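Engineer: Sequence first, predicted coordinates after that:
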Amino acid sequence: MIQCPKCSNSLPDWAQTCQFCHTDISKVPRPKTAETNKRPLMQTAAWIWPAYYTISGYFVLSGIWTIVQILISLSAKKSGVEVTGMGPIQVVMMIIGVLTSAIGLGLLFKVEIVRGIVNIFCWIRIASGILAIPTTIGMTVVFGPLGIVMLVAAILDIVSSGLMIFLIGETD
Ligand SMILES: [Zn+2]
């Protein structure tokens, strides 16, 4: 409650004019309530939501990128270039690529079931990112700069997935 400076009546915190004497009280200081105490949490949310959408969007692109990488490595194999660490990993990576795009879209549209499974999925993505590192180092030898891009993408997978686990917890 706040007090009108003119008539001394008690007024609700949100009042802009006194309901008794119609004095403008918009400049009267408000007492610290539970709502103002929540402020630090609100400030955290200010960067958390843009981060949430950025990573969701990144998941969509990263999933597509994973699929593209496999297609590139497949075509490399066809043209006779030996690429190490391929085979069953390719199939798993392809599934992860498709899932990443789907989950990224689910996160963008805040589909609850996706948010529920995304924690587990992010851990899978961290594991696959770590697994992909030796492969992408091999790619660097074969493809040069493209391999470096792949390596950076693998590291970004690990970082973004770790951050997403945190963000899902914060945006619940
Ligand atoms: Zn008043």
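Structural biologist: Received it, and whenever you're ready, just let me know what you need.
Engineer: can we go C-alpha only for contacts and neighbour counts from here?
Structural biologist: Will do.
Engineer: host element of A15?
Structural biologist: Secondary structure assigned from DSSP states H and E places A15 in neither a helix nor a strand.
Engineer: Any idea how many residues pack against it?
Structural biologist: Counted with other CA atoms under 10 Å, residues neighbouring A15 total 16.
Engineer: Next: the one 3 residues further on.
Structural biologist: Counted with other CA under 10 Å, residues neighbouring C18 total 21.
Engineer: my guess is it meets S26, correct?
Structural biologist: No - if you go by CA atoms under 8 Å, C18 and S26 don't touch, sitting 9.2 Å apart.
Engineer: Pull up the overlap in contacts between the two.
Structural biologist: Contact criterion CA atoms under 8 Å, 6 or more residues apart in numbering; residues shared by C18 and S26: none found.
Engineer: Domain map for the protein?
Structural biologist: Following automatic domain parsing, one finds the domains of the chain at 1-37, 45-170.
Engineer: Leaving out sequence neighbours, find the closest residue to I126.
Structural biologist: Closest residue to I126 apart from its sequence neighbours, by CA to CA, 6 or more residues apart in numbering: I158 at 4.5 Å.
Engineer: Surely that neighbour forms part of a helix?
Structural biologist: Yes - under DSSP: H, G, I helix; E, B strand; the rest coil, I158 falls within a helix.
Engineer: Return the residues in contact with it.
Structural biologist: So I158 contacts R125, I126, A127, G129, I130 (CA under 8 Å, 6+ apart).
Engineer: Drop anything exposed from these.
Structural biologist: R125, I126, G129 (16 or more other CA atoms under 10 Å).
Engineer: Hmm, the first one is touching S161, no?
Structural biologist: I take that to be R125. Yes - with contact defined as CA under 8 Å, R125 reaches S161; the gap is 6.6 Å.
Engineer: So which bits of the protein are right by the ion?
Structural biologist: Taking CA under 5 Å from the ion as the criterion, the chain approaches the ion at residues C4, C7, C18, C21.
Engineer: any chance of those in TSV, with secondary structure and pLDDT too?
Structural biologist: As requested, the residues of the chain next to the ion are exported to TSV (DSSP: H, G, I helix; E, B strand; the rest coil; pLDDT from 0 to 100):
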residue	secondary structure	pLDDT
C4	coil	93
C7	coil	96
C18	coil	93
C21	coil	96
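Engineer: tell me the SS of G106?
Structural biologist: Following three-state DSSP, we place G106 in the helix state.
Engineer: ok now the longest helix anywhere in the chain, how far from the chain's centre?
Structural biologist: Ordering each helix of the chain by length in residues (DSSP state H) puts helix 39-78 first. What separates the centre of helix 39-78 from the centre of its chain is 8 Å, taken as CA atoms, centre = their mean, to the nearest Å.
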